[in-house]
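> A predicted structure for the sequence below; I have some questions about it.
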Amino acid sequence: MRRVHVLVSGRVQGVFFRGATHAQMRALGLSGWVRNLADGRVEAVVEGDDARVEKALAFLRRGPPHAKVEHVGFGGPGAHHCLGANLARREITCVFRELFRRLPDLEISGAAVMLQSNFIHGIKRMPCTFTPGGAR
């Protein structure tokens with residue numbers, strides 16, 4: 001038995017997302033609930049055997065025909081709260097600490113270009129300047 005808490009953002013209200021999700025969960029024989037949130041997201045809890053829950057999650061990632069799913073977060077409020085996200089945050093913190101130790105004069109020199117993805121929210125490119133060899 002598996003229970004998953006999901007927050008879906010994008011164009012997910014006013015497009016029969018909640019109703020279609022409820023129908024999909026019933027068709028798969030799953031327990032749970034789905035509701036619209038005031039901030040425009042849809043929140044759902046899905047419970048059942050692993051294979052059926054995975055099918056429900058696949059539906060939530062794409063939504064009904066008129067929906068445009070931009071992000072699916074698991075485990076609680078916010079963008080993403082799985083073990084992998086916490087590990088990634090820790091790894092990137094370590095990388096940047098070492099980078100700043102080696103290049104203390106590293107500075108952002110232009111606007112960041114954001115990654116266009118339904119799966120990852122992050123920076124694709126950020127121009128920076130530094131003194132080769134590091135200013136010591």
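Great, that's in hand. Residues are numbered from 1 along each chain as shown.

> could you identify the longest strand within this structure?
strand 2-11 (DSSP state E).

> quick one: contacts for the residue lying closest to Lys68 once chain neighbours are set aside?
Counting by CB to CB, 6 or more residues apart in numbering, the nearest residue to Lys68 once its immediate chain neighbours are dropped is Arg11, at 4.1 Å. All C-beta atoms are positioned from the backbone trio N, CA, C, and that covers glycine. By CB atoms under 8 Å, 6 or more residues apart in numbering, Arg11 lies in contact with 66-68, 70.

> ditto for Phe130
Contact analysis of Phe130 by CB under 8 Å, 6+ apart lists 103, 105-107.

> hmm, back to that, okay if I get the contacts of Arg11 as a markdown table plus neighbour count, distance to Lys55 and pLDDT?
Shown next, in a markdown table, are the contacts of Arg11 (neighbours: other CB atoms under 10 Å; distance: CB to CB, whole Å; pLDDT from 0 to 100):
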| residue | neighbour count | distance to Lys55 | pLDDT |
| --- | --- | --- | --- |
| His66 | 12 | 21 | 92 |
| Ala67 | 21 | 17 | 94 |
| Lys68 | 13 | 21 | 94 |
| Glu70 | 15 | 21 | 91 |
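
> summarise which helices and strands the helix-or-strand element of the chain with minimal mean pLDDT is packed against.
When each helix and strand of the chain is scored by mean pLDDT, DSSP states H and E, helix 83-102 comes last, with a mean of 84. In terms of contacts (3 or more CB pairs under 8 Å, 6 or more residues apart in numbering; DSSP states H and E), helix 83-102 is packed against no helix or strand at all.

> the helix or strand that comes right after it pairs with which strands?
Next helix or strand after helix 83-102 toward the C-terminus (DSSP states H and E): strand 107-108. In the sheet containing strand 107-108, its partner strands are strand 128-129 (antiparallel), by DSSP bridges.
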